[in-house]
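Student: Sequence plus predicted model, see below.
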Amino acid sequence: MGTIYFPNSVIGATLEDTITEGNLVESHSSPAGPFALGSFALAGREFAGLVVGDRVRELSGPELPATTRGLLAEWDRVLPLLTGLAAAGDGDWHDLADLKVLAPVEPRQIFQSGANYRTHVIDLAVAHRQKDDSRSDAEIREEVAAMMDRRAAEDLPYVFIGLPSAITGPYDDVVVPGWCAKPDWELELAAVIGEPAYQVSVEEALDHVAAYTIANDVTAREAVFRRDMPEIGTDWMRSKNAPTFTPLGPYLVPAAFLGDTGDLRVTLKVNGRAYQDESTKDMIFGVARLVSYISQTSRLLPGDLVLTGSPAGNGMHWGVLLQDGDLMEGSITGLGVQRNRVVR
């Protein structure tokens, strides 16, 4: 099966009526604010674009960098220019339906927060229990909840590294390799860095977040834990970094438009049924704490992504894993919607 494109002009009743059951697009699926940024292709040519409704203004000229990562690197300077361009309405505009929507940014680094939603961690602990574990489900849940309370009190997020080569567009196929037996979904809020951040405080951290977008951190569940080397623990490289395993976008929504990220709805549907439908209120560590924590060790660069973890409702919890032909649809309040067909 080839790549299926879902341009925003068809994100409406027609698509849902023909592919899935029910109304998949909730009111929170539209991007917040007067405009968003994206990356697009037309006739083999790629460019950064300003998204206003169902139109895209090509960003070019001596005052504007040619890529979204370049724009993020000069965010304080270009944001007023972008605001003016969106309001003026002049320039070189395209119909969104005529464009291929690409992943909105090419990051140099991806930092991923693991075990950052209370209910999700508890559910996974129960789902991944060893066969000889004699504890009841209630006992496991109680112990894991206590562990997370200690982590929160000690201010120790769990962060690992993802590969940019795993990124794909918001409407592209997710291609599951032959070795992957248990592909699962993990929809996440992604913070996008503007000004570089190194050893910044929690109070300063959000000043370095230029925008937000959606990421689906697809995971090969059977590869998460190394059964041959249990003392080493998790194998994030193999379990999360196959090509196309990180659908990203559709757009970059400026942080100023989204506002407080402490209560956003994260919704992931497969073939029209909602499996993840939770609030970011369930996060253990918010965006500011994650950015500050990462920056104590690593220098965050313009365009880098900080994935904030996945809420409850993954396939392992439901006993439902991704199959050939499945349609995933992910949305987060104010960030739009992504749709990806699964191809084995």
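Tutor: That came through, no problem.

Student: how close does the residue nearest to Thr67 when sequence neighbours are not counted sit to Gly178?
Tutor: For Thr67, ignoring the flanking residues on the chain, the nearest one in space by CB to CB, 6 or more residues apart in numbering is Ala48 at 5.5 Å. Using the backbone N, CA and C atoms, a C-beta is placed for each residue, glycine as well. The spacing between Ala48 and Gly178, counted by CB to CB, to the nearest Å, is 36 Å.

Student: Report pLDDT for the spatially most central residue of the chain.
Tutor: Nearest residue to the geometric centre of the chain (CA atoms, centre = their mean): Ala215, 1.5 Å. pLDDT recorded at Ala215 is 98.

Student: before we move on, what about Arg226?
Tutor: 86.

Student: and it, how many residues sit next to it?
Tutor: Neighbour count for Arg226, taken as other CB atoms under 10 Å: 14.

Student: Got phi/psi on it?
Tutor: The phi and psi values for Arg226, taken as degrees, to the nearest 10, are phi -80, psi 100.

Student: tell me the contacts of the residue nearest to Thr67?
Tutor: Counting by CB atoms under 8 Å, 6 or more residues apart in numbering, Ala48 makes contact with 37-40, 58-59, 64-68, 70-71.

Student: Name the nearest of these relative to Gly334.
Tutor: Using CB to CB, Leu37 comes nearest to Gly334 of the contacts of Ala48, at 14.1 Å.

Student: quick one: the closest one and Val51 touch, right?
Tutor: Yes: counting by CB atoms under 8 Å, Leu37 touches Val51, with 6.9 Å between them.

Student: Please identify every residue contacting each of the two.
Tutor: With CB under 8 Å, 6+ apart as the test, Leu37 and Val51 both reach Tyr251.

Student: so where does the residue nearest to Thr67 fall, helix or strand?
Tutor: Secondary structure assignment for Ala48, by DSSP states H and E: strand 45-52.

Student: Sheet-wise, list the partners of that strand with their directions.
Tutor: Strand pairing for strand 45-52, using DSSP bridges, gives strand 36-42 (antiparallel), strand 55-58 (antiparallel).

Student: hang on, the earlier thing: which of the three states applies to the residue nearest to the centre of the chain?
Tutor: At Ala215, secondary structure determined by DSSP: H, G, I helix; E, B strand; the rest coil is strand.

Student: Please report phi then psi for the nearest residue to it once chain neighbours are set aside.
Tutor: The shortest distance from Ala215 to any non-neighbouring residue, by CB to CB, 6+ apart, is to Ala190 (4.2 Å). Dihedral pair for Ala190: phi -120, psi 120, per degrees, to the nearest 10.

Student: Can you name the residues in contact with stretch 159-168?
Tutor: 103, 106-114, 174, 217, 234, 236-237, 240-248, 290, 293-294, 305, 307, 340.

Student: Now, of those residues, which are buried?
Tutor: Buried residues within the contacts of stretch 159-168, counting neighbours by 16 or more other CB atoms under 10 Å: 103, 107, 109-114, 174, 217, 236, 240-242, 244-248, 290, 293-294, 305, 307, 340.

Student: tell me the domain ranges of this protein?
Tutor: 8-102, 110-343 (automatic domain parsing).

Student: Mean neighbour count, those: which tops it?
Tutor: Greatest average neighbour count among the domains of the chain goes to domain 110-343 (a mean of 19), per mean count of other CB atoms under 10 Å.

Student: Quote the end-to-end distance of it.
Tutor: Distance between the two ends of domain 110-343: 24 Å, counting by CA to CA, to the nearest Å.

Student: before we move on, what about stretch 227-241?
Tutor: One end of stretch 227-241 sits 19 Å from the other (CA to CA).

Student: Tell me which stretches of the stretch 1-150 of the chain form helices.
Tutor: In the stretch 1-150 of the chain, helices defined by DSSP state H, counting those that start in this stretch lie at 13-19, 68-73, 75-88, 118-127, 137-154, listed in chain order.

Student: between the ones you listed, which gets the lowest average pLDDT?
Tutor: Looking at the helices of the stretch 1-150 of the chain, the lowest mean pLDDT belongs to helix 13-19 (a mean of 32).

Student: Output the below-cut-off pLDDT ranges for the stretch 101-250 of the chain.
Tutor: For the stretch 101-250 of the chain, applying pLDDT under 70 flags the ranges 128.

Student: any idea how far Val306 is from the residue nearest to Ala215?
Tutor: 7 Å.

Student: just Asp324 next, same as before
Tutor: Remark: distance between Asp324 and Val306 (CB to CB) = 32 Å.

Student: dump the residue contacts of the closest residue in space to Val78 that isn't next to it in sequence.
Tutor: Of all residues not flanking Val78 in the chain, Leu71 sits nearest, at 5.2 Å (CB to CB, 6+ apart). Leu71 is in contact with Leu37, Ala48, Leu59, Leu64, Pro65, Val78, Leu82, counting by CB under 8 Å, 6+ apart.

Student: So what sits opposite the closest residue in space to the last one that isn't next to it in sequence in the bridge?
Tutor: What sits nearest to Leu82 in space, not counting adjacent residues and going by CB to CB, 6+ apart, is Leu50, at 6.0 Å. Taking DSSP bridges, one obtains Leu37, Arg57 as the residues bridged to Leu50.

Student: so what's Leu50 up against?
Tutor: Phe35, Ala36, Leu37, Val56, Arg57, Leu59, Leu82, Leu85, Ala86.

Student: how far away is Val306 from Ala146?
Tutor: With CB to CB as the criterion, Val306 and Ala146 are 27 Å apart.
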